[in-house]
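Asks: Pasting a predicted model and its sequence here:
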Amino acid sequence: MTDFKKHDMDSAPEGSKPFLENSQKNMGMIPGLHGVMAESPQVLEAYQKLHQLVLDSSFDNDEKTVVWQTINVENACHYCVPAHTGIAKMMKVSDDITNALRDETPLPSDKLEALRTFTLAVMNKRGNVSQDDLDAFFKAGYKNRQVLEVILGLSQKVMSNYINHIADTPIDEPAKKFAWSKSQ
């Protein structure tokens, strides 16, 4: 693999420094992913904006976690699954939801399971979902807005999952206790 530098405030390109400062301020640290993304100020800026847009979406914290972790697990992201396990704890998402997502076992509600199923359909069918996929999602209580917001979450996770795969980003110290690997 290519050797990607994990930038800090001293080594980062000037254009990335405000975004790394934002990471430090909001998270109390510069996550490894952000340090890697800092090589391109545009990538780090886009990722942070997408993250904020997902946070501001119509999904509640449980639903955001379902979208994020469904994608992380499906992509077998060694970095994002532990990171989002810690994020889910901070967001007060139940361990039942987190464990079901990590272990790919049934979620505690039909609505959340419908969200996971639809997220996987969008991802694995590259957006070419069927009317049956949409009908099942709508039957669970979701609307067109949430269809679009699943795609928003997928956009954010494609950036992080793919960059972590290519850069082999080391897991941040606080997330190491949530280390994960995909069961086969």
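Replies: Noted; the coordinates are in hand.

Asks: Tell me the pLDDT of the residue nearest the centre of the chain.
Replies: For the chain, the residue nearest the mean C-alpha position is Trp68 (3.9 Å; Cα atoms, centre = their mean). If you check Trp68, the pLDDT there is 98.

Asks: how near is it to His34?
Replies: 16 Å (Cβ to Cβ, to the nearest Å). Where C-beta positions appear, they are placed from N, C-alpha and C, glycine not excepted.

Asks: what do you get for Glu74?
Replies: 23 Å.

Asks: In this structure, where is pLDDT below threshold?
Replies: 1-2, 184 (pLDDT under 70).

Asks: tell me the helices in it, going along the chain?
Replies: Remark: helices assigned in the chain by DSSP state H are 17-27, 32-37, 41-55, 61-74, 80-90, 95-103, 110-124, 131-139, 144-167.

Asks: Between the ones you listed, which one is closest to Lys176.
Replies: Evaluated over the helices of the chain, closeness to Lys176 peaks at helix 80-90, with 7.1 Å, by Cβ to Cβ.

Asks: Now do the buried residues in the closest one.
Replies: Buried positions in helix 80-90, judged by neighbour count with 16 or more other Cβ atoms under 10 Å: Cys80, Val81, Pro82, Ala83, His84, Thr85, Gly86, Ile87, Ala88.

Asks: Please determine how far the second one is located from Val73.
Replies: Per Cβ to Cβ, Val81 is found 6 Å from Val73.

Asks: Quickly list what's touching both of those two.
Replies: The contact sets of Val81 and Val73 overlap at Arg102 (Cβ atoms under 8 Å, 6 or more residues apart in numbering).

Asks: Which residues are in contact with Asn161?
Replies: So Asn161 contacts Ile71, Asn72, Asn75, Cys77, Cys80 (Cβ under 8 Å, 6+ apart).

Asks: Leu107 now?
Replies: Neighbour list for Leu107: Val66, Ile97, Ala100, Leu101, Glu113, Arg116 [criterion: Cβ under 8 Å, 6+ apart].

Asks: With Ser160 instead?
Replies: Applying Cβ under 8 Å, 6+ apart, the residues near Ser160 are Leu33, Tyr47, Cys77, Tyr79, Cys80.

Asks: circling back: of Glu74 and His34, give the one with the bigger neighbour count.
Replies: Neighbours per residue, other Cβ atoms under 10 Å: of Glu74 and His34, the larger number sits with His34, 26 against 17.
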